[in-house]
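[1] Here is my input; please provide its structure:
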Amino acid sequence: MNASEVLGGIWRQAGLPAEALPFARLTGADPVLPSSFAVGVAAQSTIAAAALAACELGHLRGSARQQVGVDMQHAALDCTGWFSLDGRVPDPWDTFSGLYRCADGWVRIHANFAHHRDGALRLMKLDPATATRAEAEAVMATWRAHEFEDAAAAQGLVATALRRFDEWGATPQGHAIAAQPLFTIERIGDAPPLALTPLREDQRPLTGVRVLDLTRILAGPVGGRALAAYGADVMLVNSPNLPNIESIADTSRGKLSTHVDLRTDEGRAVLQQLATQAHVFVQGYRPGGIASLGFGPAELARLRPGIVCVSLTAYGTQGPWANRRGFDSLVQTAMGFNHAEGEAAGDGKPKPLPMQILDEATGYLIAFGAAAALWRQQQEGGSWHVQVSLAQTGHWLRSLGRVPGGLSIARPDLKPYVETSASGFGELAALRHSAQLSRTPAAWPRPSMPPGSHPPVWPVDTAK
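    As a prediction, this is how the structure comes out:
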């Protein structure tokens, strides 16, 4: 399928008006990055869907429709997540992250957060303070892959065994994912349409929309960043007790960034107050984590009738892995992408996709789902719940087909797409947003700032 057909499928699934689709202009074709999968189509179609849905909500608020142009090469590079701070390109991976050969296969461990790294090393019976990668590799060679995967999951750690596509498809979780759509948008309560100020023609389409972003690495922050690019007031809410990794400098462009401690009564009261004035609440913590603190979709719909909730998970809401933590690299490994890419490369060694496309595409589906549900809320009223998962996006990516010879192309130059801005982290060089809005260009007028830089207070409605 080409990207326009894929975009049409996403659009129709959300129930958005077909007359908006001709305003999308998609250029380019796979391969654009070295992969045997249609990563360019996945990037371009989800970015276009997010931008077009934002513009359609703007049209509902009184603005004329505008053209949304997305070039596939720019979109794919946009989804690589490349950035530098003061000229330094951070290494995205911890020393202990990556693939390990086991007695009967391979396991991928995600160790970018210290508590995940230390937990995995303790499971190997190694001292986190002194262990080396070589020692970890020696221990892992004695484990059976699926036994380590199960032992890690039982301790809330993040590691998955390498599978082929057919092996994944034969698992109960593979069956569960195959039975689910790419995303769901569900009405969860009654409410009148929320008040949104009519737009002037020069205002970005989501101006005046307030978004609470309770997400971490990486899909959720990408979704919030896209909503900010289209004009939303996005407030990233971090815990003062949790660590972050350096990609937060890239994904915080355009956002307010505050600290709220939800373990305290005071913190929960602050978030409740913010939610009563929000239009969208996005969360990507472990399944049930936010709900246990009183901020599940049903509770939010009672607190703020008409709100749009967006929930992100790794493996969906059904099946035995529904409560498992996960990251893009692990989902790629579990579902069969690393094995298939290695086979396509010809050397048989497991090979990751050229970017975290499950994270990135899912992030843009978050932005799309939020805008689409808001459009429906304005038309129909009600409170709404959007659900996405990395594994559902992975299943969809497989459905886009393979790209013969895709691994043979060279990686294109990033430089034409890089912009530089001042930030609270230093001089930030990163990719410009790849969706080109013809009348109200996407932009991040708020600089990227460290967590806790802003008070937990909404700004004055800029749409007035």
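
[2] what about Gln318, distance to Ala154?
    The gap separating Gln318 from Ala154 is 20 Å, by Cβ to Cβ, to the nearest Å. To be clear about C-beta, it is placed using only N, CA and C from the backbone, and glycine gets the same treatment.

[3] Looking at those two, which has the bigger crowd around it?
    Neighbour comparison, Gln318 and Ala154: the larger count goes to Gln318, with 15 against 9 (by other Cβ atoms under 10 Å).

[4] list the contacts for the closest residue to the more buried one other than its chain neighbours?
    Nearest residue to Gln318, sequence neighbours excluded (Cβ to Cβ, 6 or more residues apart in numbering): Ala176, at 4.4 Å. Ala176 sits next to 316, 318-322 when contact means Cβ atoms under 8 Å, 6 or more residues apart in numbering.

[5] mind listing what's buried in the helix or strand hosting Ala176?
    Using DSSP states H and E, Ala176 sits within helix 172-178. For helix 172-178, burial by neighbour count (16 or more other Cβ atoms under 10 Å) applies to 173-174, 176-177.

[6] Isn't Gly316 up against Gly326?
    No: assessed by Cβ atoms under 8 Å, Gly316 is found out of contact with Gly326, at 10.3 Å.

[7] Next, show the common contact partners of the two.
    In contact with both Gly316 and Gly326: Ala391, using Cβ under 8 Å, 6+ apart.

[8] Can you list the low-confidence ranges for the stretch 151-300 of the chain?
    Applying pLDDT under 70 to the stretch 151-300 of the chain flags no residue at all.

[9] where do the strands sit along it?
    Along the stretch 151-300 of the chain, counting by DSSP state E, counting those that start in this stretch, strands occupy 159-161, 184-189, 210-214, 233-238, 256-259, 280-283.

[10] Please name the residues that touch Asp127.
    Counted by Cβ under 8 Å, 6+ apart, Asp127 has contacts Leu121.

[11] Does Leu162 touch Asp104 like I think?
    No: taking contacts as Cβ under 8 Å, Leu162 lies outside contact range of Asp104: 10.5 Å.

[12] okay, now the residue nearest to Ala291 when sequence neighbours are not counted: neighbour count?
    Excluding the flanking residues, the one nearest Ala291 by Cβ to Cβ, 6+ apart is Glu299, at 7.3 Å. Glu299 sits with 16 neighbouring residues when counted by other Cβ under 10 Å.

[13] Please tell me how far Glu299 sits from Leu293.
    Glu299 sits 9 Å away from Leu293, going by Cβ to Cβ.

[14] Next: Pro221.
    20 Å.

[15] can you check Leu206 too?
    Counting by Cβ to Cβ, the gap from Leu206 to Leu293 is 27 Å.

[16] again, but for Glu427
    Counting by Cβ to Cβ - Glu427 and Leu293 are separated by 37 Å.

[17] ok, now Arg200?
    Distance, Arg200 to Leu293, by Cβ to Cβ: 39 Å.

[18] between those two, who's got more neighbours?
    Of the pair Arg200 and Leu293, Leu293 is the one with more neighbours under other Cβ under 10 Å, namely 15 against 11.

[19] and the gap between the closest residue to that one other than its chain neighbours and Ala14?
    Once flanking residues are discounted, Leu293 sits nearest to Leu262: 5.0 Å by Cβ to Cβ, 6+ apart. Applying Cβ to Cβ, the value for Leu262 to Ala14 is 31 Å.

[20] same deal with Ala371?
    Ala371 is 9 Å from Ala14, by Cβ to Cβ.

[21] Could you point out the helix or strand that follows the longest helix seen in the chain?
    Ordering each helix of the chain by length in residues (DSSP state H) puts helix 357-380 first. Of the helices and strands lying after helix 357-380 in sequence (DSSP H and E), the nearest is strand 383-389.

[22] Let me see the contact set for the residue lying closest to Pro172 once chain neighbours are set aside.
    Excluding the flanking residues, the one nearest Pro172 by Cβ to Cβ, 6+ apart is Pro320, at 5.3 Å. Going by Cβ under 8 Å, 6+ apart, Pro320 touches 172-173, 176.
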